[in-house]
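>>> What follows is a protein structure lacking sequence information:
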């Protein structure tokens, strides 16, 4: 296989990954922010992912740096909204943020400045975006936009260099919007979006690309087309439907499905024909454990964007040698679950995950039961960052 063929295949596979398939600017992000080191690292990461290596030489090329786990809304399927996050609420310090960016910038293509909170609540969010931009990193953000934004903040958001913003707007009327986005004000949201679109046009900027994200649920699925028309009228760039997510480790998932899941989803599509991602178990290794570094506001790392709580942490970015963090027992154990006969060294939250098909099952045991070399628990919820 020639190098050009390998690169072409890698691009196609990466662009199908959820982190990039979410918007049409995926290839643009890679082309705009590529360097020889980043490209070589991405190829290495994808090779290790497909070979299901547990100790990695490649570094994650997507960074999640959560500015804050504080939110102004109380969404009932979010651990932050439910006040069940099991992590101290706070803001990422400038020192933690710049350390993480400086460590990852040589290898990463982009940074997602969101996860468990509303990023626009962070006092220095525009400075954070600019800092990443100055390191030639792509930047994206997700916001509920139900927040008072003066004109100066709208302009600062545009001038910061933010490349992509996802707006979580699940309704076309206040009555249905607030059933999930509790404490949210749809008119305030729409006013902010209109001003953002208008100022972007007035300033002659092509960014940020604006996506309206809609979660079809039982109470709002009939408003998908109304919301799409509203998005078109306002002038946002993309409209996308995504599936309902049930909180990880929820004690009553079936009850939540009955309450929230839409009736109109059929064959992977919602009413109106929009394709929607599947919540079925993926028949691959977990890509988070290879492509992503997920950093919480306190600087500690999670294995993915799905789980919350300090008890599920895998390490700490304060570890001075990144390889020791990225290849510690927790990350190795998570990856081992996707290797035939994989040996898991320490219990992790990955043991309870069914998002990806596991291979390390004992003969005759229930599917997903893994082999443990050491059964360790950390009552303090603080796994070591070293190997």
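Good, I have the coordinates. Model, not experiment: these values are computed from the prediction.

>>> Which parts of this structure are strands?
Using DSSP state E, the strands of the chain run over 62-65, 110-112, 138-143, 164-168, 209-214, 238-241, 292-295, 300-302, 315-316, 343-344, 371-372.

>>> Of all those strands, which one is nearest residue 189?
strand 164-168 (7.5 Å; C-beta to C-beta). For every residue, glycine as well, the C-beta is placed using N, CA and C.

>>> strand partners of the closest one, parallel vs antiparallel please.
Sheet pairing for strand 164-168, assigned by DSSP bridges, gives strand 138-143 (parallel), strand 209-214 (parallel).

>>> Figure out which of the ones you listed is closest to residue 68.
Of all the strands paired with strand 164-168, strand 138-143 comes closest under C-beta to C-beta, at 11.8 Å.

>>> Contact partners for the residue nearest the centre of the chain?
Central residue of the chain (C-alpha atoms, centre = their mean): residue 305, 5.0 Å from the mean position. Residues near residue 305 by C-beta atoms under 8 Å, 6 or more residues apart in numbering: 64, 115, 288, 292, 294.

>>> Where in this structure is the helix or strand with the lowest mean pLDDT?
Ranked by mean pLDDT, DSSP states H and E, the weakest helix or strand in the chain is strand 371-372, scoring a mean of 32.

>>> the helices in this structure, which residues?
Ranges of helices in the chain, per DSSP state H, are 3-15, 18-21, 26-33, 36-51, 94-104, 125-134, 151-159, 174-180, 186-202, 224-234, 253-260, 288-291, 322-326, 329-336.

>>> a markdown table please, covering these and showing mean pLDDT and distance to residue 359.
Output for those, formatted as a markdown table (pLDDT from 0 to 100; distance: least, C-beta to C-beta, whole Å):
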| stretch | mean pLDDT | distance to residue 359 |
| --- | --- | --- |
| helix 3-15 | 54 | 20 |
| helix 18-21 | 44 | 21 |
| helix 26-33 | 85 | 29 |
| helix 36-51 | 96 | 13 |
| helix 94-104 | 97 | 29 |
| helix 125-134 | 98 | 36 |
| helix 151-159 | 97 | 44 |
| helix 174-180 | 97 | 36 |
| helix 186-202 | 98 | 44 |
| helix 224-234 | 97 | 38 |
| helix 253-260 | 91 | 24 |
| helix 288-291 | 96 | 14 |
| helix 322-326 | 96 | 22 |
| helix 329-336 | 96 | 9 |
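
>>> a markdown table for the ones you listed, including mean neighbour count and distance to residue 77?
Shown next, in a markdown table, are the helices of the chain (neighbours: other C-beta atoms under 10 Å; distance: least, C-beta to C-beta, whole Å):
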| stretch | mean neighbour count | distance to residue 77 |
| --- | --- | --- |
| helix 3-15 | 13 | 29 |
| helix 18-21 | 16 | 19 |
| helix 26-33 | 16 | 27 |
| helix 36-51 | 17 | 29 |
| helix 94-104 | 17 | 28 |
| helix 125-134 | 20 | 25 |
| helix 151-159 | 16 | 27 |
| helix 174-180 | 18 | 8 |
| helix 186-202 | 17 | 19 |
| helix 224-234 | 16 | 18 |
| helix 253-260 | 13 | 7 |
| helix 288-291 | 25 | 20 |
| helix 322-326 | 18 | 31 |
| helix 329-336 | 25 | 24 |
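
>>> any weak-confidence spans in the stretch 251-387 of the chain?
265-280, 360-387 (pLDDT under 70).

>>> cutoff 50 now
Residue ranges of the stretch 251-387 of the chain with pLDDT under 50: 361-387.

>>> which ones are touching the closest residue to residue 304 other than its chain neighbours?
Excluding its sequence neighbours, the residue lying closest to residue 304 (C-beta to C-beta, 6 or more residues apart in numbering) is residue 288, at 3.7 Å. Applying C-beta under 8 Å, 6+ apart to residue 288 gives the contacts 294, 303, 304, 305, 306.

>>> likewise residue 126?
Residue 126 neighbours (C-beta under 8 Å, 6+ apart): 153, 156, 157, 159, 160.

>>> ok, now residue 130?
160, 161.

>>> Return the residues in contact with residue 355.
With C-beta under 8 Å, 6+ apart as the criterion, the residues that contact residue 355 are 281, 282, 286, 306.

>>> Quick check: of those residues, which lies closest to residue 218?
residue 306 (22.4 Å).

>>> Go ahead and confirm that closest one touches residue 248.
Yes - counting by C-beta atoms under 8 Å, residue 306 touches residue 248, with 5.4 Å between them.

>>> quick one: common contacting residues for the two?
In contact with both residue 306 and residue 248: residue 353, using C-beta under 8 Å, 6+ apart.

>>> What residues does the closest residue to residue 149 other than its chain neighbours make contact with?
Computed as C-beta to C-beta, 6+ apart, the closest residue to residue 149 that is not its neighbour in sequence is residue 192, at 5.2 Å. Residues in contact with residue 192 (C-beta under 8 Å, 6+ apart) are 145, 147, 149, 154.

>>> out of those residues, who's nearest residue 74?
Among the contacts of residue 192, and counting by C-beta to C-beta, the member closest to residue 74 is residue 147, at 14.1 Å.

>>> Which pLDDT value belongs to that closest one?
At residue 147, the model reports a pLDDT of 96.

>>> What number of residues are in the vicinity of it?
For residue 147, the neighbour count with other C-beta atoms under 10 Å is 17.

>>> Relative to residue 248, how far out is it?
26 Å (C-beta to C-beta, to the nearest Å).

>>> now swap in residue 101 and tell me
Distance of residue 101 to residue 248, computed by C-beta to C-beta: 27 Å.

>>> My guess is residue 70 contacts residue 121. True?
Yes - if you go by C-beta under 8 Å, residue 70 and residue 121 touch, sitting 5.7 Å apart.

>>> Common neighbours of these two, please.
Joint contacts of residue 70 and residue 121 (C-beta under 8 Å, 6+ apart) are residue 91.

>>> And the pLDDT for residue 62?
96.

>>> Please name the bridge partners of it.
Assigned bridge partners for residue 62, using DSSP bridges, are residue 110, residue 292.
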